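> Give me a 3D structure for the following:
(one chain, ligands or ions: 1)
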Amino acid sequence: MDCKDKEKMRVGVDFNYMMEKSLGEKGIKDSELEAVKGKAAAAFDYVKKNRGRDDLFMGWTELPYNQDEIVADILETAAAVRKKFKYFVVLGIGGSALGPIMAFNALKHLRYNELPDEKRGGPKFYVEDNVDPVRMQALLDVIEPEKTCFNVISKSGATSETMTQYLIIADVLKKKGVNLPENMIFTTDASRGNLIKIDKSFGGAFKKYVLPDGVGGRFSEMCPVGLLPAAVLGIDIKAMLDGAAYMDKLCSSPEISENPALACAALQYVSMNNGKNINVLMPYSDNLKYIADWYCQLWAESLGKAVDYEGNTVNAGTTPVKSLGVTDQHSQVQLYTEGPYDKVITFISVGKYGCEMPIAHGCEDIPDVGFLGGHTMQELIKAENKATAYALMRAGRLNYTINVPEVNEFTLGQLMFLLELQTAYTGAMLNINTYNQPGVENGKKATFALLGKSGYEAQKAEMDSAPALDNKYVV
Ligand code: PA5
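Now for the predicted structure:
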């Protein structure tokens, strides 16, 4: 893609409806943004200075630049998988699943698995990110395990959900006489973790991809975690990485007015300090529906922290909410417009949809319906997006829009990098560790204890001795 084409596909941010000029006293004042300028510049410097540092889990910043060999290897593997297998199943959870789901939904046909083989052109695709037995059974009901490539994605190889899925699938495959390395690919830590142990027990026969040391799960979509599933789907992963690099360049200034990710971070930071506790992401696109799920994890796990770097109790973070335009106009927008002033709504607006879908003429004698004929669905969804943002602004509700010219690999790469940088800057402004997740680890340990894992006896005893449920509070 040349520079002109890239410029045409540039993702941008319009935050007019966050500001006093549009919202009056409910809006953010220029002086409030001015007041956090120094903090924002310091956050920018922190991210810039520590780019790529594995010890700080900031390896994600370099993923658009340092994966040429890995990408070549992934493309080769993907081509072989596409030839050999009828189904491709990701086994993973959290950061090991939400990215692949997002990219699949954004860039492939919305009814991909239902397309006839010749139109689909690649294996059917499933991401299993739960341990609901009904869902596992449903998967087994629709795939042929011996014709399926399973991509087990787990950095630790110790996540109960993913390893449960592994055990069940490994058993199914063994019973069918399949040699596991023929039908499984591991994406995991380079040298540690249980998938490495399993691989060793098979003499190193599994195809393996590395989830780099300095890349945490929620920042991992642009490493093999996301790149392999995407390539198997025929998604142009080089264009995705190119998009991320392009957004990186667009965010190379410490000035809020010149750096879209820093602008979003500063707006979120000021809003947080003004008591806005809820951060809604509302894409007006079914293709982008799951970017909201991916973002919810990115934001929630990164910023929801008890203490800051000085050890002060801060209980930082705002609650991310996923919403879909126009669907949730008929569900949540009433609350956004008239409920508490506790939200920032981020719209993702699409310039040009994958198709227009003309609306046929008809019902001319019914004014409520007749006016629609002759327009297109694209016009309608865009008008509703604009109208909702406008109505919220008129109601004094903070909202801003990320404009995406169209949904493709290049713009998705930009969007992801924008939201990752925004999260990293916000975390730095809050002076918290954006990259750990002690709360998640605590839950994992409690599960180990409940299921009798050795080494967790003390925790089990503690849980057993916790105050018993009082019948008074059971109805
Ligand atoms: O963002 C994270 O680090 C987590 O959501 C992890 O991705 C998730 O807990 C899965 O961990 P693992 O990759 O070790 O199985």
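> How much space separates Gln137 from the ligand?
Distance, Gln137 to the ligand, using CB to the nearest ligand atom, to the nearest Å: 22 Å. (Each C-beta comes from the backbone N, C-alpha and C, glycine too.)
> just for this structure, where's the confidence low?
467-470 (pLDDT under 70).
> Taking the centroid of it, which residue is nearest it?
By CA atoms, centre = their mean, the mean C-alpha position of the chain lies nearest to Trp294, the distance being 1.9 Å.
> Where does that one fall, secondary structure wise?
For Trp294, the host element (DSSP states H and E) is helix 289-303.
> could you say what helices and strands that helix packs with?
Using 3 or more CB pairs under 8 Å, 6 or more residues apart in numbering; DSSP states H and E as the contact test, the elements touching helix 289-303 are helix 98-107, strand 278-283, strand 319-322, helix 409-430.
> what about 6 Å?
Where contact means 3 or more CB pairs under 6 Å, 6 or more residues apart in numbering; DSSP states H and E, helix 289-303 is packed against helix 98-107, strand 319-322, helix 409-430.
> That helix vs helix 98-107, what angle?
If you take axes from the mean of the first three to the mean of the last three CA atoms, to 10 degrees, helix 289-303 sits at 150 degrees to helix 98-107.
> and the residue of this structure nearest the ligand?
The ligand sits closest to Gly217 of the chain, with a gap of 2.1 Å, by CB to the nearest ligand atom.
> Neighbours of that residue, how many?
Gly217 sits with 26 neighbouring residues when counted by other CB atoms under 10 Å.
> Tell me which residues touch it, please.
Residues near Gly217 by CB atoms under 6 Å, 6 or more residues apart in numbering: 94-96.
> near the ligand, which residues of the protein show up?
Contact residues (CB under 6 Å from any ligand atom) of the chain with the ligand: 93-96, 154-156, 159, 162, 216-218, 301, 437, 440.
> rewinding a little: as CSV, the helices and strands packed on helix 289-303 with mean neighbour count would be great.
Shown next, in CSV, are these (neighbours: other CB atoms under 10 Å):
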stretch, mean neighbour count
helix 98-107, 25
strand 319-322, 18
helix 409-430, 25
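> Out of these, flag the one nearest Gly373.
helix 98-107 (30.6 Å; CB to CB).
> now for that closest one, which elements pack on it?
Partner elements for helix 98-107 (3+ CB pairs under 6 Å, 6+ apart): strand 124-128, helix 224-232, helix 289-303.
> Would you mind putting those into TSV with distance to Thr313 alongside?
Below are these laid out as TSV (distance: least, CB to CB, whole Å):
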stretch	distance to Thr313
strand 124-128	37
helix 224-232	33
helix 289-303	15
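> Please parse this protein into its domains.
In terms of domains, the chain is parsed into 3-54+239-430, 60-237 (source: automatic domain parsing).
> Can I get these in JSON lines including distance to Glu457?
Output for the domains of the chain, formatted as JSON lines (distance: least, CB to CB, whole Å):
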{"stretch": "domain 3-54+239-430", "distance to Glu457": "26"}
{"stretch": "domain 60-237", "distance to Glu457": "17"}
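> could you pull out the strands for the chain?
Using DSSP state E, the strands of the chain run over 12-14, 87-91, 124-128, 148-153, 184-188, 207-210, 278-283, 319-322, 343-352, 399-406.
> Run me through the strand neighbours of the shortest one, direction for each.
Spelled out, it's strand 12-14. Next to strand 12-14 in the sheet, as set by DSSP bridges, lie strand 399-406 (antiparallel).
> Now do the strand it pairs with and helix 409-430, the angle between them.
Using the same axes, to 10 degrees: strand 399-406 against helix 409-430 is 150 degrees.
> So what touches strand 399-406?
Strand 399-406 has contacts (CB under 6 Å, 6+ apart) with 9, 11-15, 17-18, 345-352, 389, 392, 411.
> do the same with stretch 364-378
Residues contacting stretch 364-378 (CB under 6 Å, 6+ apart): 353, 356-359, 361-363.
> Of those, which is the most crowded?
Highest count within those by other CB under 10 Å belongs to Tyr353, 19 neighbours.
> what separates that one from Met1, distance-wise?
Tyr353 sits 20 Å away from Met1, taking CB to CB, to the nearest Å as the criterion.
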